[in-house]
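[1] predicted model and sequence below, questions to follow.
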Amino acid sequence: MTLEHKNERLKSLIGQLKKQSIEQKSSVWKRIAIELEGPTKNYRVVNLSRIEKYCDDNDVIIVPGKVLSGGELTKKVTVAAYAFSKTTQEKLGTSLITIEEAMKKYPKGNNLKIIG
């Protein structure tokens, strides 16, 4: 994926988040949009061990940044993020979704936890 393509994806995602926030009257999506608008050096970077520590079974976790594979995740959770390391994708597979998928599945943003 080229840098230009990544920038277009990010701009599109931020626009979708803002629109969803207004339509659903949900501050969660607006907060994530604001965080993704900032410099990439300020994006949240979260290891699996942190998710393990701060979540419970069946939680839906949102990371406005990247999820790394450090540690183990034994709880049954759904993790949505802007990006995942390759090793994280291999470890967790189907329990990972994009932020776009999370917006469709949880339009009002209820019961989501932002970790990071």
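    Structure received. Numbering: from 1, shown residues only.
[2] then E8 would be within a strand, right?
    No: secondary structure of E8 (DSSP: H, G, I helix; E, B strand; the rest coil): helix, not part of a strand.
[3] tell me how many other residues surround it.
    The criterion is other Cβ atoms under 10 Å. On that basis, E8 has 11 neighbouring residues. (Glycine included, C-beta is placed from N, CA and C.)
[4] what about the strands in this protein?
    In the chain, the segments counted as strands under DSSP state E are 44-47, 60-68, 78-84, 96-98, 112-114.
[5] and the first one, what other elements does it pack with?
    What that stands for is strand 44-47. When contacts are defined as 3 or more Cβ pairs under 8 Å, 6 or more residues apart in numbering; DSSP states H and E, strand 44-47 sits against strand 60-68.
[6] what residue is smack in the middle of this protein?
    When the chain is reduced to its mean C-alpha position, the nearest residue by Cα atoms, centre = their mean turns out to be A81, at 2.2 Å.
[7] picking that back up, I'd like the strands of the chain as JSON lines, with mean pLDDT appended.
    Shown next, in JSON lines, are the strands of the chain (pLDDT from 0 to 100):
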{"stretch": "strand 44-47", "mean pLDDT": "95"}
{"stretch": "strand 60-68", "mean pLDDT": "96"}
{"stretch": "strand 78-84", "mean pLDDT": "95"}
{"stretch": "strand 96-98", "mean pLDDT": "94"}
{"stretch": "strand 112-114", "mean pLDDT": "94"}
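[8] nearest to K104, of those strands?
    Proximity to K104 (Cβ to Cβ) singles out strand 96-98 among the strands of the chain, at 9.3 Å.
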